[in-house]
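S.K.: next come a sequence and a model predicted from it.
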Amino acid sequence: MPRSGLALTVGFAAEAVRESAPLVHCVAPRAATSFVADVLHGAGARSVVTGTSPDALAAAQTADAVMLDLGTLVAEWSDAVNPVVAQLRSAGTPWVLDATPLGRAPLRVDRVRALLGHRPTVVRASDSELDGVRLDAAEGALALGESAEHVVHNGREVAVLTGSSMLAQVAGVRAAVSALMAACSAVTGPLEAALAGAAWLALASERAEEHGRGPASFRVALIDALWTVRGDEIAEYLEL
């Protein structure tokens, strides 16, 4: 079946990540740190996964792309975030904002508004509204749903399959998908990066389910599957 130009670009993006091995700085929940790093290396990228101390945030400026999980921010460090993302924007460094709440803990709307003002490349969220605030990714892409099953950019919405149900048994999947999007944003545009990151992990999870006997073996098989999935297979998986 002939593939669309968008699907081909998404496939090329995955191969470009492997060829260029971008350095991705991720500020992720502590429980997700190991898995996020493994996923990025499984995809051929390089990773730095840190907390939210001012020094760690400042180090993000040396990366090729950045992923910031808003659920990790605490009051004493929140003031350090906006200057860092302002510098990322000024330098043209792509960055992904994951605005998905952790559990039932609410997110600070003022923090969301401030960070959106620095125009993230991709915004992750459960819904298009957060506590009454309409999320707007500006020229970036908006990836909606726990598994980023809907990606919106410039009025266009693209659906992505959610992958294996076993993903629900692995801690850190949400942050890992955002990290993959960040890796892809280092080599392509916002829409293509969001689609590539979501589809790459979803397809790899379906492959991993064939070999995993439970959550632990599935996790290992998933990292291996990320390494072996080809860009053209990701393009076909999107069914564009």
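M.R.: The structure has been received and is ready for your questions.
S.K.: CA atoms for contacts and neighbours, from now on please.
M.R.: Noted.
S.K.: quick one: the helices in this structure?
M.R.: With DSSP state H as the criterion, the chain has helices at 5-20, 33-42, 54-59, 75-91, 109-116, 173-185, 190-209, 215-228, 231-237.
S.K.: can I get those helices in TSV including mean neighbour count, mean pLDDT and distance to residue 141?
M.R.: Formatted as TSV, the helices of the chain follow (neighbours: other Cα atoms under 10 Å; pLDDT from 0 to 100; distance: least, Cα to Cα, whole Å):
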stretch	mean neighbour count	mean pLDDT	distance to residue 141
helix 5-20	20	93	14
helix 33-42	22	96	20
helix 54-59	16	82	23
helix 75-91	15	79	15
helix 109-116	15	78	12
helix 173-185	29	95	10
helix 190-209	26	95	5
helix 215-228	19	95	23
helix 231-237	20	93	18
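S.K.: now distance to residue 158 too, for these, in TSV please.
M.R.: What follows is those, written out as TSV (distance: least, Cα to Cα, whole Å):
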stretch	distance to residue 158
helix 5-20	11
helix 33-42	23
helix 54-59	32
helix 75-91	26
helix 109-116	22
helix 173-185	15
helix 190-209	8
helix 215-228	22
helix 231-237	13
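S.K.: residue 67: which of the ones you listed is closest?
M.R.: helix 173-185 (5.7 Å; Cα to Cα).
S.K.: summarise which helices and strands that closest one is packed against.
M.R.: helix 5-20, strand 23-27, helix 33-42, strand 65-69, strand 95-98, strand 122-125, helix 190-209 (3 or more Cα pairs under 8 Å, 6 or more residues apart in numbering; DSSP states H and E).
S.K.: and residue 89, which of the ones you listed is closest to it?
M.R.: Comparison of the helices and strands packed on helix 173-185 against residue 89 by Cα to Cα identifies strand 95-98 as nearest, at 8.3 Å.
S.K.: just the mean pLDDT for stretch 147-166, thanks.
M.R.: The average pLDDT for stretch 147-166 rounds to 87.
S.K.: now do that stretch: everything it contacts.
M.R.: Residues outside stretch 147-166 that contact it (Cα atoms under 8 Å, 6 or more residues apart in numbering) are 124, 139-144, 174, 177, 190-191, 194-195, 198-199, 201-206, 209, 215, 218, 238.
S.K.: what residues sit buried inside it?
M.R.: Buried positions in stretch 147-166, judged by neighbour count with 16 or more other Cα atoms under 10 Å: 147-153, 159-164, 166.
S.K.: which two among the residues you listed are spaced furthest apart?
M.R.: Farthest-apart pair in these is 153 and 166; separation 28.7 Å (Cα to Cα).
S.K.: coming back round to it: turn the buried residues of stretch 147-166 into TSV, including distance to residue 110.
M.R.: As requested, those are exported to TSV (distance: Cα to Cα, whole Å):
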residue	distance to residue 110
147	25
148	24
149	26
150	25
151	24
152	23
153	24
159	30
160	30
161	32
162	31
163	33
164	35
166	35
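S.K.: residues contacting residue 47?
M.R.: Taking Cα under 8 Å, 6+ apart, one finds 23, 24, 25, 26, 37, 40, 41 in contact with residue 47.
S.K.: ok, now residue 232?
M.R.: Residue 232 sits in contact with 8, 11, 12, where contact means Cα under 8 Å, 6+ apart.
S.K.: from the residues you listed, pick the one nearest residue 98.
M.R.: Nearest to residue 98 among the contacts of residue 232: residue 11, at 23.2 Å, using Cα to Cα.
S.K.: surely that closest one and residue 237 touch.
M.R.: No - using Cα atoms under 8 Å, residue 11 makes no contact with residue 237, being 9.8 Å away.
S.K.: state the distance from the residue most central in space within the chain to residue 46.
M.R.: Nearest to the mean C-alpha position of the chain, counting by Cα atoms, centre = their mean, stands residue 178 at 1.4 Å. Remark: distance between residue 178 and residue 46 (Cα to Cα, to the nearest Å) = 14 Å.
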